[in-house]
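Q: What follows is a predicted protein model with its sequence.
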Amino acid sequence: MNIKPAGIKQLVNFGPHDYRLVSSPLPEPQRNELLVKVGACGICASDFHCYHGAPMFWGNETFPPYVKTPVVSGHEFFGTVVAAGPGALEHFGVEEGDRVIAEQIVPCNKCRFCRNGQYWMCEKHDIYGFQKQDADGGMTEYMLFKPTSRVHKIPLSLSPEECALIEPFSCSVHAVNRGDIQFNDVVVLAGAGTLGLGMIQAIKLKTPKKLIVLDTMPYRLELAKKLGADVVLNPLEDNVIEEVKAMTGGYGCDVYIEASGNPAAVTQGLQMIRKLGRFVEFSVFSRETTVDWSIIGDRKELDIRGAHLSPGCYETVIDLFSRKLLTAEGIVTHKFPLERWEEAFETFGTPEAVKVLLIPHAD
């Protein structure tokens, strides 16, 4: 029997630089809702940028505000089913005690995209951790999975670290799929953070001719090499454009995946990619990026592809972890109890940090 508390701790976003650890009543699951005891919740670059007031989340002259406050933060979570509203267990095909994960989006199932099976581009677009009530997130002790959530069971064979990486690695796999990597391709990946390290492993499973990884942090480059990068380069020390062109007979790479979140990586990629190449843009940027669009059209006729979320990739990642084709080794670098969330956010992005987790029920 699960003994559930009357009150719980939640990290609530009230606005930029205004996150607070609050006490709240235990949520009561309604029809087709699951109550989940959170095992861990990772801090994503989007959480970090949101906290620091990035216009993408809070709006500017181009975009309206996206975040609806007050909202419990966090979308990189997993947990255990401890209670269910009427019909929920049958609705999701789970039982109490199952270890589960919900995809980061809570689709409306009504808009043209959802009706066409493109749920990850849902027009309403509620993402856990960014919209109050509709999608309160996982930086809490207990959370609700909503009726339209896309829920997946996690086998007991996966470690807690692997479970915590299912969400980011699912995004990684989708971005790699968008690159349509072929056997003879030279692939350049810019950014070896958590998502980039997942992409490295997914790219290697595609067996391209060569994988070149760019990052400015030595620890991440070392880890990238261990995980399968053929060549690692530091843009602060190497002329990466010249080096990539030298490795490709002067043409440039076939596929460029931008996963650094640094605007300089966009212009860098446009310069080092070959004509008719495939450029995959994945990152969340904290500020606008400008480029010479004539490179994309008139000079190179590039195929520019965005990558958003992780449609159809959760079960793939769970399976790849189960078959030991993906690893979490070396990627989860820090764990903090929920009470030390400020220290966790400060640690995010430091040279020694890759994936930082909040553990709500840490002893």
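A: Ah, there it is. Numbering: from 1, shown residues only.
Q: which is the next helix or strand following the helix or strand of the chain with the lowest mean pLDDT?
A: Counting by mean pLDDT, DSSP states H and E, the weakest-scoring helix or strand in the chain turns out to be helix 55-58, with a mean of 91. The C-terminal neighbour of helix 55-58 among helices and strands, as given by DSSP states H and E, is strand 71-72.
Q: how far is the helix or strand following that next one from where the chain is centred?
A: Of the helices and strands lying after strand 71-72 in sequence (DSSP H and E), the nearest is strand 76-84. Relative to its parent chain, strand 76-84 has a centroid offset of 19 Å by CA atoms, centre = their mean, to the nearest Å.
Q: What pairs with strand 76-84, parallel or antiparallel?
A: On the basis of DSSP bridges, the sheet neighbours of strand 76-84 come out as strand 34-42 (antiparallel), strand 99-102 (antiparallel).
Q: how about the helices in this protein?
A: For the chain, the helices defined by DSSP state H occupy 45-51, 55-58, 88-92, 112-115, 160-164, 166-178, 194-205, 218-227, 240-247, 263-272, 293-294, 314-322, 341-347.
Q: For Arg305, find the nearest of those.
A: Proximity of these to Arg305 was assessed by CB to CB; the nearest stretch is helix 166-178, lying at 4.8 Å. For the C-beta atoms, the positions are set from N, CA and C on the backbone; glycine is no exception.
Q: if we can go back for a sec, could the helices of the chain go into JSON lines alongside mean neighbour count and distance to Ser23?
A: Listed next are the helices of the chain as JSON lines, based on neighbours: other CB atoms under 10 Å; distance: least, CB to CB, whole Å:
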{"stretch": "helix 45-51", "mean neighbour count": "22", "distance to Ser23": "21"}
{"stretch": "helix 55-58", "mean neighbour count": "19", "distance to Ser23": "25"}
{"stretch": "helix 88-92", "mean neighbour count": "18", "distance to Ser23": "26"}
{"stretch": "helix 112-115", "mean neighbour count": "14", "distance to Ser23": "35"}
{"stretch": "helix 160-164", "mean neighbour count": "22", "distance to Ser23": "25"}
{"stretch": "helix 166-178", "mean neighbour count": "25", "distance to Ser23": "26"}
{"stretch": "helix 194-205", "mean neighbour count": "26", "distance to Ser23": "30"}
{"stretch": "helix 218-227", "mean neighbour count": "18", "distance to Ser23": "37"}
{"stretch": "helix 240-247", "mean neighbour count": "17", "distance to Ser23": "49"}
{"stretch": "helix 263-272", "mean neighbour count": "20", "distance to Ser23": "40"}
{"stretch": "helix 293-294", "mean neighbour count": "10", "distance to Ser23": "51"}
{"stretch": "helix 314-322", "mean neighbour count": "19", "distance to Ser23": "32"}
{"stretch": "helix 341-347", "mean neighbour count": "17", "distance to Ser23": "14"}
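Q: and of the strands paired with strand 76-84, who's closest to Glu342?
A: The closest approach between Glu342 and any of the strands paired with strand 76-84, judged by CB to CB, belongs to strand 34-42 at 15.1 Å.
Q: can you list the helices of the chain in JSON lines and add distance to Val186?
A: As requested, the helices of the chain are exported to JSON lines (distance: least, CB to CB, whole Å):
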{"stretch": "helix 45-51", "distance to Val186": "26"}
{"stretch": "helix 55-58", "distance to Val186": "31"}
{"stretch": "helix 88-92", "distance to Val186": "43"}
{"stretch": "helix 112-115", "distance to Val186": "34"}
{"stretch": "helix 160-164", "distance to Val186": "30"}
{"stretch": "helix 166-178", "distance to Val186": "15"}
{"stretch": "helix 194-205", "distance to Val186": "11"}
{"stretch": "helix 218-227", "distance to Val186": "16"}
{"stretch": "helix 240-247", "distance to Val186": "7"}
{"stretch": "helix 263-272", "distance to Val186": "10"}
{"stretch": "helix 293-294", "distance to Val186": "24"}
{"stretch": "helix 314-322", "distance to Val186": "24"}
{"stretch": "helix 341-347", "distance to Val186": "35"}
